[in-house]
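Student: structure, please.
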Amino acid sequence: MSETTSITPTRPYMVRALYQWIEDNALTPYLMVDATADNVQIPTEHVQDGRIVLNIASRATGNMSMKNDYIHFSARFGGVSQEIWVPLQAVLGIYAKENSQGMFFDPNEYDNYEPEEEASAVANKPKAATKPKRDNKAGLKVLK
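Tutor: Numbering: from 1, shown residues only. Below you'll find the predicted structure:
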């Protein structure tokens, strides 16, 4: 680990752990997302006050992937399947619908963090995101 490498944020690890705990206890995991953050791909018609709360239960999503940099899954909104992409920086919290137990995160956690691959990338080179199209019958309930 070099002197310029920053420590990785805890958020992706905590989100995955809490998601597993909520699912293991037959509760419903809700993800609160900052809808104004960069690279968020969500149904904007459901955003309120710059935020959206998504039901990310395994029964409501398809092809869920929780990586260190993003959460990706497919879900149905109004009967239409959509790909959802949420950078971890945009995750404000994760909690159980039934008892509100979970965690909300420090909004400044990512202020000085720069992943190694981004630090060594050319500054003006655009990053290509691959977002596979999948036809999935999973449902998602939007909360207000």
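Student: Tyr19 should be in a strand, yeah?
Tutor: No. Tyr19: not assigned to a strand; according to DSSP: H, G, I helix; E, B strand; the rest coil it is helix.
Student: for it, give its distance to Glu83.
Tutor: 19 Å (Cβ to Cβ, to the nearest Å). (C-beta placed from N, C-alpha, C; glycine too.)
Student: between those two, who's got more neighbours?
Tutor: Taking other Cβ atoms under 10 Å, Tyr19 and Glu83 do not tie; Tyr19 has more neighbours (20 against 17).
Student: just give the nearest non-adjacent residue to that one, would you?
Tutor: Pro29 (5.2 Å; Cβ to Cβ, 6 or more residues apart in numbering).
Student: not counting its neighbours along the chain, what's nearest Gly50?
Tutor: With Cβ to Cβ, 6+ apart, the residue lying closest to Gly50 is Thr36, at 4.8 Å.
Student: now Pro12
Tutor: With Cβ to Cβ, 6+ apart, the residue lying closest to Pro12 is Asn68, at 4.5 Å.
Student: was I right about the one you found contacting Pro87?
Tutor: No. With contact defined as Cβ atoms under 8 Å, Asn68 does not count as touching Pro87 (10.5 Å).
Student: okay, these two: which has more neighbours?
Tutor: Using other Cβ under 10 Å as the criterion, Asn68 and Pro87 rank with Pro87 on top: 17 against 13.
Student: where does pLDDT dip in this protein?
Tutor: 1-5, 116-144 (pLDDT under 70).
Student: for it, which segments count as helices?
Tutor: 11-24, 116-119 (DSSP state H).
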